[in-house]
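# okay, structure incoming, though there's no sequence with it:
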C-alpha cells in the first residue's frame, strides 16, 4: 500500500529565506503528484501538479521537482514571505483510469517569521 | 476557475441524527470524492464517484453512504452520526484524462457530533 511521508513535520524560518519541503512515497508507480496548500480551518488549494513523465513544474516563486525512480519530490519556495505560512501537503495518484483518490502525506506546517 | 462548494462550513449535530453533507462542482467533472481530515491521521478517502449513480468505497467507508443523482452534486450521508465522526470533511472533484486528474477541493465542513 502506498505511503507518503513529508519531512519536516514543521518548519519555522525568517522571512526572505529560500526553503525546501520534502515528500517521499514508497511505490514509485505513480500517475502524478500534486502539492497543496492548506490554511488553518480551510480547504486545500492546488499549487502544482507534476505528471509522472515530468521532472518539474514552476509557478511563480514555487518550484516542484519529481524523481519518480527514487520516490521523492521537493517543493522549493523562493524568497519566503509571511503569507506563505500554511500547511503544505503532497499527494500521489496511483494510476490513470478509474476514479482513485489521492494518497496524502501528513503535511509540513510552515511558519515564516516577519 | 474550478469551483467546488460545500453546503456548510460548520455543522453541529447530535448523536444518532442523520446528517447530509452536500458538495457541488461547476466544471462538469466526472469524478468526485469525499475525504475526512483528522489531526495526526491526515486526509483519508471515504467514498468516490466516477459517474452519476456510480460510487466506490474508499479507505474508511464504514458509517457513511453517498449519493450522486446529478453530475455536479455529490452528497455524503451519515446514517446515524456518532462522536467519532467529528471531523473536517472535504469534497473534491477531478476531470480525468483531459484534465490530467488534477484534484480541486472545496472549503471543507467542520462537523461536530455531540
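Looks like it came in fine. Bear in mind the structure is a predicted one, so any value in this text is a computation, not a measurement.
# from here on, just use CA atoms for contacts and neighbour counts.
Will do.
# who's in contact with residue B:114?
By C-alpha atoms under 8 Å, 6 or more residues apart in numbering or on different chains, the contact list for residue B:114 reads B:12-15, B:82-83.
# in strands, which of those residues fall?
Judged by DSSP state E, the contacts of residue B:114 include B:12-13 as members of strands.
# dump the residue contacts of residue 86.
As the question left the chain open, I've gone with chain A. A:37-40, A:109-111.
# the intended chain is chain B.
Neighbour list for residue B:86: B:110-113 [criterion: C-alpha under 8 Å, 6+ apart].
# closest to residue B:6 out of those?
residue B:110 (10.7 Å; C-alpha to C-alpha).
# looks to me like the closest one is in a strand.
Yes - counting by DSSP: H, G, I helix; E, B strand; the rest coil, residue B:110 is found in a strand.
# related to what we said a few turns ago, turn the contacts of residue B:86 into a markdown table, columns for pLDDT and distance to chain A.
Converted to a markdown table, the contacts of residue B:86 look like this (pLDDT from 0 to 100; distance: C-alpha to the nearest C-alpha, whole Å):
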| residue | pLDDT | distance to chain A |
| --- | --- | --- |
| B:110 | 97 | 8 |
| B:111 | 98 | 12 |
| B:112 | 98 | 14 |
| B:113 | 98 | 17 |
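# what is the most widely separated pair among those?
Taking every pair in the contacts of residue B:86 and measuring C-alpha to C-alpha, the maximum separation is 10.0 Å, between B:110 and B:113.
# please consider this matter closed, and thank you.
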